[in-house]
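**Q** Give me the fold of what follows.
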Amino acid sequence: MSSQSHHKMSGHTPKKQRTDEIELTERFSEQMAQLCMSDDYSDVAFIVEDQRLPAHRVILAARSEYFRALLYGGLSETNQSEIKLKIPLEAFKALLKYVYSGHMPLSQMGDNNILDTLGLANQYGFTELELAISEYLRQYISLSNVCAILDAARLYNLEKLVNVCLTFMDRNAAEILQHESFRGLSKESLEEVLKRDSFFAPEVQIFIAVNEWCKQNSNIDVGTVVSYVRLPLIHLEHLLQVVRQSGILGPDKLLDAIEEQTTSKSLPYRGTLFPEENVATEKFGSMTILGECRSVLLDGDSTSYDMEKGYTRHCITDQNNVGITVELGNNCIINHIKMLLWDRDNRAYSYFIEVSVNQKHWERVIDYTKYHCRSWQYLYFEPRAVRYIKLVGTHNTVNKVFHVVCLEAMYTANMPKVIDGFVAPTSNIATIEMSATVVEGVSRTRNALLNGDFVNYDWDSGYTCHQLGSGEILVRLGQPYYIGSMRLLLWDCDQRTYNFYIETSVNQKDWQIVVDKRTESAKSWQNFAFPPRPMVFIRIVGTRNTANEIFHCVHLECPSQDPLFLQQEKERKRANSKVAEEDNLIQLVDMAKPSKPFVPEGSVSEASTASYCEDSD
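**A** Next up is the predicted model:
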């Protein structure tokens, strides 16, 4: 018996474990590094800034396609023992050390050296090194190096690093404008910064910094750079005393700016940008400046409220001249407002929301004055700079007071599709979490139709129902949505079938039938597609049950979440679109065809004339 078998059978552990692989890469790296810039076995040398750096063709070629082509590709350098390169010396030394050892001590290198090395990594195709340096720079961006890093990142198309630099500059705009490195920005980078709505600082400070940049870069046509300064945002006093005195702009530009400032209701405001972060908080200096019980609106508490406390309110008037106003700590770019309407009973509200930068010109971003809304509101609009948010309630189904429990405002990249001011959702919004509720219908559990459980139902529970001929199931969504499909699960614990129809409304007065199954037998899961429309109320009315006089519904979705159905709808729409394109093409071809000449009655056409002539001959 072998000793190995003996150890396995006896359970004894040998003093020295068997090794399947030998891992000595660190030692290998050290030995290879010793060859870096060494004359030992060297067969090529690079002359950089008059300094001779010996190297080894085979190592360089193995590590880089660029060097492989340079040293073995038949170029003129292939047969040269010394190759001159016009590149930064220290950066090339760092690159050679990386080539031989796979190691680069970035923390021991200066900013300029790192950026030069980044450029060489890009030039010579060291992609992994390029990404590693980029990641390092993202962690160590500062006021003193961000401008140089931005220029380098744009030059080498490092999109992530570019975005990090731009975000850093946005967050530190006032300090960046005063830093000496700002005047060293390339023209292209400067223009990209100035274009951004989120590069927020007093516009006069931006102008002063741009003016200084122009003085230092007098050899460049600065006209386009200055055009990105938003002159109408500069106060009249500064336009006259600062901008005019600089002499960089003609009087016509100043007059145009003054005219736009005094007549336009929508100026190109800038604002700070904090993606996915609620800026309507004390942390950002925000406060409620108008409304009763102001202190609770922005405290973030969405649970501790009742009939007496925990909400901000205002009286509803016929003139809609009273509201709740929130002032953000600064101009902030937002496209999403989330708020909780008081919902301890079944009441609903109507309202509108306006935003402003100066409280003079207000823009209405949400108008739900004609719709019933309840509980959580998820509201989206085009991004814009905002300082003030005004909430105005126009209707309460119970009394004449508008109650808001909490408010959030932010910029989100996850913006859904919005059509005519209504969210067109892709996920199911007929849920308790999205503030939907069952207004009419009988069930052992309230909102069983919307709780997402379409598995646990039987003869006694798990469904919502109504008496045929005298009832209905009525669902109210949390806010108006733009919907084009639904899915319904009819109770199916036996072989019965149903007849029914579904209507929708935005005001509970005007109804439209979107599904009509009054003459078709239906059972179990049902998917429906219809022309998309705004809706708040969904009314499901059963007209027949082959087993008894009750209509039973287990689950409702809108829009439908059935993957197969959604895929079929997508293919159907694609096919319809293709047919429409083909029809348009046919029409264009028909329009392009030369029309037949008009021949008046009794006249002779060219063909007839030719035939006549032939006959005469």
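**Q** Any stretches of the protein with poor pLDDT?
**A** 1-19, 22-25, 28, 578-583, 585-586, 588-617 (pLDDT under 70).
**Q** For the residue nearest the centre of the chain, I want the exact helix or strand it lies within.
**A** The centroid of the chain falls nearest to Ala413 when counting by Cα atoms, centre = their mean (2.5 Å). Counting by DSSP states H and E, there is no helix or strand that carries Ala413.
**Q** so who does it touch?
**A** Contacts for Ala413 (Cβ atoms under 8 Å, 6 or more residues apart in numbering) come out as Pro275, Glu276. All C-beta spots, glycine's among them, are computed from the backbone N, C-alpha and C.
**Q** What of the one 10 residues further on?
**A** Val423 sits next to Tyr378, Tyr380, Pro416, Lys417, Gln479, Tyr481, Tyr482 when contact means Cβ under 8 Å, 6+ apart.
**Q** Find the pair from the residues you listed with maximum spatial separation.
**A** The most widely separated members of the contacts of Val423, counting by Cβ to Cβ, are Lys417 and Gln479 (15.2 Å).
**Q** Neighbour count: these two, which is higher?
**A** More neighbours surround Gln479 than the other of Lys417 and Gln479, with 25 against 11 (other Cβ atoms under 10 Å).
**Q** looking at this, the more buried one is in a strand?
**A** Yes. Counting by DSSP: H, G, I helix; E, B strand; the rest coil, Gln479 is part of a strand.
**Q** Excluding residues flanking it in the chain, which one is nearest Met535?
**A** Thr504 (4.0 Å; Cβ to Cβ, 6 or more residues apart in numbering).
**Q** Kindly state the domain boundaries assigned to the chain.
**A** For the chain, automatic domain parsing gives the domain ranges 26-140, 171-270, 282-415, 437-567.
**Q** so how far is the first residue of the third one from its last?
**A** It stands for domain 282-415. 25 Å (Cα to Cα, to the nearest Å).
**Q** repeat for the shortest one
**A** Its first and final residues considered, domain 171-270 spans 12 Å by Cα to Cα.
**Q** Kindly report the same for stretch 355-367.
**A** Stretch 355-367: ends 12 Å apart by Cα to Cα.
**Q** Now find how far off-centre it is within its chain.
**A** In terms of Cα atoms, centre = their mean, to the nearest Å, the centre of stretch 355-367 is set 23 Å apart from its chain centre.
**Q** do the same with stretch 548-563
**A** For stretch 548-563, the distance to the chain centre is 33 Å (Cα atoms, centre = their mean).
**Q** And that stretch, what's buried?
**A** By 16 or more other Cβ atoms under 10 Å, the buried positions in stretch 548-563 come out as Ile550, Phe551, His552, Cys553, Val554, His555, Leu556, Glu557, Cys558, Pro559, Ser560, Asp562.
**Q** Sort out which of the residues you listed are in strands and list them.
**A** Mapping the buried residues of stretch 548-563 onto strands (DSSP state E) picks out Ile550, Phe551, His552, Cys553, Val554, His555, Leu556, Glu557.
**Q** From those, pick the one nearest Pro54.
**A** Glu557 (71.9 Å).
**Q** Identify the residues contacting Ile316.
**A** Here Ile316 is in contact with Val322, Gly393, Thr394, His395, Asn396, Lys400, Val401, Phe402 (Cβ under 8 Å, 6+ apart).
**Q** His372 belongs to a strand?
**A** Yes. Assessed with three-state DSSP, His372 lies in a strand.
**Q** For it, which non-adjacent residue is closest in space?
**A** Ala348 (3.8 Å).
**Q** what's near enough to touch that neighbour?
**A** Applying Cβ under 8 Å, 6+ apart, the residues contacting Ala348 are His372, Cys373, Arg374, Asn396, Thr397, Arg476.
**Q** Quick check: it vs Arg476, distance?
**A** 7 Å (Cβ to Cβ, to the nearest Å).
**Q** Over to Glu327. Which of the three states is it?
**A** strand.
**Q** ok so, going back, and which of the ones in strands among the buried residues of stretch 548-563 is nearest Gln123?
**A** Nearest member of those to Gln123, counting by Cβ to Cβ, is Glu557, at 55.3 Å.
**Q** hang on, isn't the closest one packed against Arg487?
**A** Yes. Counting by Cβ atoms under 8 Å, Glu557 touches Arg487, with 4.2 Å between them.
**Q** which SSE is Asp116 in?
**A** helix 111-123.
**Q** following that helix, which helix or strand comes up?
**A** Counting by DSSP H and E, the next helix or strand C-terminal to helix 111-123 is helix 127-139.
**Q** Touching that next one from outside, list them.
**A** 95, 98, 104, 106, 114, 117-118, 121-122, 145, 149, 153, 156, 158, 160-161, 164.
**Q** Quick one: distance of that helix to the chain centre.
**A** 25 Å.
**Q** can you redo the contacts of Val423 as JSON lines with distance to Arg52 and secondary structure?
**A** Shown next, in JSON lines, are the contacts of Val423 (distance: Cβ to Cβ, whole Å; DSSP: H, G, I helix; E, B strand; the rest coil):
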{"residue": "Tyr378", "distance to Arg52": "68", "secondary structure": "strand"}
{"residue": "Tyr380", "distance to Arg52": "64", "secondary structure": "strand"}
{"residue": "Pro416", "distance to Arg52": "63", "secondary structure": "coil"}
{"residue": "Lys417", "distance to Arg52": "63", "secondary structure": "strand"}
{"residue": "Gln479", "distance to Arg52": "74", "secondary structure": "strand"}
{"residue": "Tyr481", "distance to Arg52": "73", "secondary structure": "strand"}
{"residue": "Tyr482", "distance to Arg52": "71", "secondary structure": "strand"}
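**Q** Could you single out the nearest of these to Val204?
**A** Relative to Val204, the closest of the contacts of Val423 is Tyr380; by Cβ to Cβ it sits at 33.2 Å.
**Q** Mind picking the two most distant members of the contacts of Ala348?
**A** Distance extremes for those: the farthest pair is Asn396 and Arg476 at 14.8 Å, using Cβ to Cβ.
**Q** Mind checking which of the two has more residues around it?
**A** The neighbour comparison of Asn396 against Arg476 (other Cβ under 10 Å) goes to Arg476, with 22 against 18.
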